[in-house]
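>>> here is a sequence with its predicted model. Questions after.
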Amino acid sequence: MNKTVSINLAGIFFHIDEDAYQKLQTYFEAIKASLQNTEGASEIIADIEGRVAELFSERIKTSQQVVSNKEVDEIVSIMGQPEDYKIDEELFEETPEKDKSDSQKRRLFRDRDNSYIGGVSSGFGYYFGVDPLIIRLFWVILIFGAGMGPLLYIILWILIPAANTTAEKLSMMGKPINITNIEKKVKEEFGNVKESLGRVKDSVNSGSLNDLGKNIQSKSRSFFETIGDLILLFFKLIFKTIGVIFIILSIVILIGFFISLLSVGIADAVHFPGMDFADLINSSGLPIWLVSILALLVTGIPMVFILLLGLRMVSKRMSLVNLYTKLSLLGIWLIVLITLIIFSLRQAADFRIDASVTEQAELPITNTDTLYLEMKGNPLYSKYLQKMDR
Amino acid sequence: MKIENTKAQMRKGVLEFCILSVLKNEDAYVAEILKTLKEAKLLVVEGTIYPLLTRLKNSGLLNYRWEESTTGPPRKYYTLTENGELFLIELTTTWSELHNAVTLVTLPKTTKK
């Protein structure tokens, strides 16, 4: 007797045995890993899934039939090992492949499988090739030493990504990503789950000291993970709130600008008898509607960007405009800005007035008179007068 | 120097040429291309072809359209683009040159024996 799983492969529905499913998943994961640096990997994988679905449907007669290990094995032998999927660029390179796997770069991840809090220490342990215990001790010393330890830990916790996929875990350990390693790792994890299930049973029965450490580990991990999730949720909420504020603000400002400039500038709707605001302030000779449109653009485009930013903050999928549109908007904005600056400079020049007043007065005094000069400081005017004197 | 590597190099060098040649006269979907290549023993496992097709498509030599299938998922029918045809013509000349060269180089040795 076997448990079955239902899967959707390229839009086609299949029943598949659980162990066969495990195998197929490992296979796809290994393909993904071996295509990691290939351009258009997701498209290639979709093509491969489509082909696998096609091969399955050739073998399945009725919709009741279940895909078993045998079919999966057949398909793997038809499709080939994951290594076969690589476009072997290195095949044509001079350096043999050995060098590459030796210099396999370790990447820094958080190891959540062996973590007490966030898995930072364990990740660093793999990265530097030392026992995580040493790094944990170092954290403890930091707490007593400077007090900056916990803060630093939290920052690292946020910055360093967790190793979630098997490929990431392998590159954290500095092992080359290939089918054998992935298989090993997946099996290992499967074993871990079984083991921990057994352990729970055991510790329920005996509650032995040996399990205590593991228990504390898992408890502390879940405790800190919950706190971490809560903090993350909190920041996300703040972030999204700011996004919503951005959206509302920018929309309101945009509508406001639009209505006011449309009515005042273009439709010439606002006219007070005997007083024309537009003529009052505009002496550059540009038609008023053009100035209005320029002003709308120069204030509106940044608002559009803030609106887009807000949408993006609320949902990551909301990327409504592509890069080219953004760049051209930016270009228009710069051009409009420059035009407006030129015209406003011109206009400002119209208002510049040079004037000087000279007053000559004869004082009714004779040569023998003593003159008393009193200097009165005036904090309000002194600066201003100084400027005028220049 | 491994013999396997050299063999693979030889095969992979002509694989792109052969894929384009299969598509020269008629559009085909992956399974048809694979069938031709497998009959010619040019390909042992199917996996190799998918990255190649995507790479050819991304460099503008191939195009594709979706077509419904009664038995399985929709199929991608590949077709040569104009660029692809030019590319194929050039490869064909190179291939015949190479073929001549190889026969020229290898023949005298066997006759001298």
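Great, that's in hand.
>>> rest of the way, CA atoms for contacts and neighbours
Fine.
>>> need the pLDDT of residue A:202.
pLDDT, residue A:202: 59.
>>> which residue packs closest to residue 50, ignoring adjacent ones?
You didn't pick a chain, so chain A it is. residue A:10 (5.1 Å; Cα to Cα, 6 or more residues apart in numbering or on different chains).
>>> look at chain B instead
Here the residue nearest residue B:50, using Cα to Cα, 6+ apart, is residue A:44, at 5.8 Å.
>>> packing partners of the host helix or strand of the one you found?
Counting by DSSP states H and E, the element that carries residue A:44 is helix A:41-59. If you count contacts as 3 or more Cα pairs under 8 Å, 6 or more residues apart in numbering or on different chains; DSSP states H and E, helix A:41-59 packs onto strand A:4-9, helix A:18-34, helix A:69-79, helix B:49-58.
>>> which of those sits closest to residue A:126?
Closest of the helices and strands packed on helix A:41-59 to residue A:126 is helix A:18-34, at 20.2 Å (criterion: Cα to Cα).
>>> close to chain B, is that closest one?
No. Against chain B, helix A:18-34 shows no contacts by Cα under 8 Å from any Cα of the partner chain, the least distance being 9.4 Å.
>>> quick one: stretch B:33-41 near chain A?
No. Shown here: stretch B:33-41 not in contact with chain A (Cα under 8 Å from any Cα), separated by at least 10.7 Å.
>>> could you pull out the buried residues of that stretch?
Residues of stretch B:33-41 classed as buried by neighbour count (16 or more other Cα atoms under 10 Å in any protein chain shown): B:33, B:34, B:37.
>>> mind pulling up the pLDDT for the first one?
Read that as residue B:33. For residue B:33, pLDDT reads 87.
>>> neighbours of the residue nearest to residue A:50, how many?
By other Cα atoms under 10 Å in any protein chain shown, 18 other residues sit near residue A:10.
>>> now it. Its backbone dihedrals?
phi 50, psi 40 (degrees, to the nearest 10).
>>> residues from the stretch 1-150 of chain A in reach of chain B?
Residues of the stretch 1-150 of chain A lying near chain B (Cα under 8 Å from any Cα): A:10-12, A:39-41, A:43-44, A:47-48, A:50-51, A:53-54, A:57-58, A:77-82, A:84-87, A:91-92.
>>> can you flag the buried ones in these?
Of the residues of the stretch 1-150 of chain A next to chain B, these count as buried by 16+ other Cα under 10 Å: A:10, A:41, A:44, A:47-48, A:50-51, A:53-54, A:57, A:79-82, A:84-87.
>>> may I see the buried residues of the longest helix belonging to chain B?
When chain B is scanned for its longest helix (criterion: DSSP state H), the result is helix B:82-112. For helix B:82-112, the neighbour count (16+ other Cα under 10 Å) marks B:84, B:85, B:88, B:91 as buried.
>>> list the helices and strands it packs on?
For helix B:82-112, the packing partners by 3+ Cα pairs under 8 Å, 6+ apart are helix B:3-25.
>>> tell me the pLDDT of residue A:284.
The model's pLDDT for residue A:284 equals 57.
>>> centre of the chain to the helix holding residue A:44, how far?
Helix A:41-59 has its C-alpha centroid displaced from the chain centroid by 32 Å (Cα atoms, centre = their mean, to the nearest Å).
>>> list the contacts of that helix.
A:9-10, A:12, A:31-32, A:35, A:67, A:71, A:75, B:31, B:47, B:50-51, B:54, B:71-73 (Cα atoms under 8 Å, 6 or more residues apart in numbering or on different chains).
>>> and the next element down the chain from it?
Following helix A:41-59 in sequence, per DSSP H and E, is strand A:66-67.
>>> against which helices or strands is that next one packed?
For strand A:66-67, the packing partners by 3+ Cα pairs under 8 Å, 6+ apart come out as strand A:12-17.
>>> how about the strand it packs on: buried residues?
Residues of strand A:12-17 classed as buried by neighbour count (16+ other Cα under 10 Å): A:14, A:15, A:16, A:17.
>>> what is the orientation angle of it with helix A:18-34?
Interaxial angle, strand A:12-17 versus helix A:18-34 (axes from the mean of the first three to the mean of the last three Cα atoms, to 10 degrees): 120 degrees.
>>> residue ranges with poor pLDDT in the stretch 251-390 of chain A?
Along the stretch 251-390 of chain A, the parts satisfying pLDDT under 70 run over A:264-288, A:316-321, A:378-390.
>>> so residue A:253 versus residue A:309, what's the distance?
Separation of residue A:253 from residue A:309 (Cα to Cα, to the nearest Å): 15 Å.
>>> which of these two has more neighbours?
residue A:309 (18 against 15).
>>> so which helix or strand takes in the more buried one?
In this structure, residue A:309 sits in helix A:288-314 according to DSSP H and E.
>>> give the next helix or strand downstream of that helix.
helix A:323-350.
>>> could you list the buried residues of that next one?
Quick answer for helix A:323-350 (16+ other Cα under 10 Å): A:329, A:333, A:336, A:337, A:340, A:343, A:347.
>>> tally up the residues packed near the nearest residue to the fourth one once chain neighbours are set aside, please.
Nearest in space to residue A:337, with sequence neighbours left out and distances taken as Cα to Cα, 6+ apart, is residue A:298 at 6.1 Å. As a burial measure, residue A:298 scores 19 neighbours (other Cα under 10 Å).
>>> which residues does the residue nearest to residue A:50 contact?
Residue A:10 makes contact with A:46, A:49, A:50, A:53, B:73 under the criterion Cα under 8 Å, 6+ apart.
>>> let's see 7 Å
Residue A:10 makes contact with A:49, A:50, A:53, B:73, according to Cα atoms under 7 Å, 6 or more residues apart in numbering or on different chains.
>>> now render those as TSV, adding pLDDT and distance to residue A:141.
Shown next, in TSV, are the contacts of residue A:10 (pLDDT from 0 to 100; distance: Cα to Cα, whole Å):
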residue	pLDDT	distance to residue A:141
A:49	88	52
A:50	87	55
A:53	86	56
B:73	81	60
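>>> closest one of those to residue A:373?
Using Cα to Cα, residue A:49 is the member of the contacts of residue A:10 that sits closest to residue A:373, with 99.7 Å.
>>> that closest one and residue A:228, how far apart?
Distance from residue A:49 to residue A:228, by Cα to Cα: 37 Å.
>>> how far does the longest helix along chain A sit from its chain's centre?
When chain A is parsed with DSSP H, its longest helix is helix A:209-260. Distance, stretch centre to chain centre, for helix A:209-260: 14 Å (Cα atoms, centre = their mean).
>>> residue A:4 contacts residue A:20, correct?
No. Residue A:4 lies out of contact with residue A:20 (Cα atoms under 7 Å); the separation is 9.0 Å.
>>> what does the stretch 251-390 of chain A put close to chain B?
Neighbours of chain B within the stretch 251-390 of chain A, by Cα under 7 Å from any Cα of the partner chain: none found.
>>> pLDDT weak spots in chain B?
Checking chain B against pLDDT under 70 turns up B:1, B:108-113.
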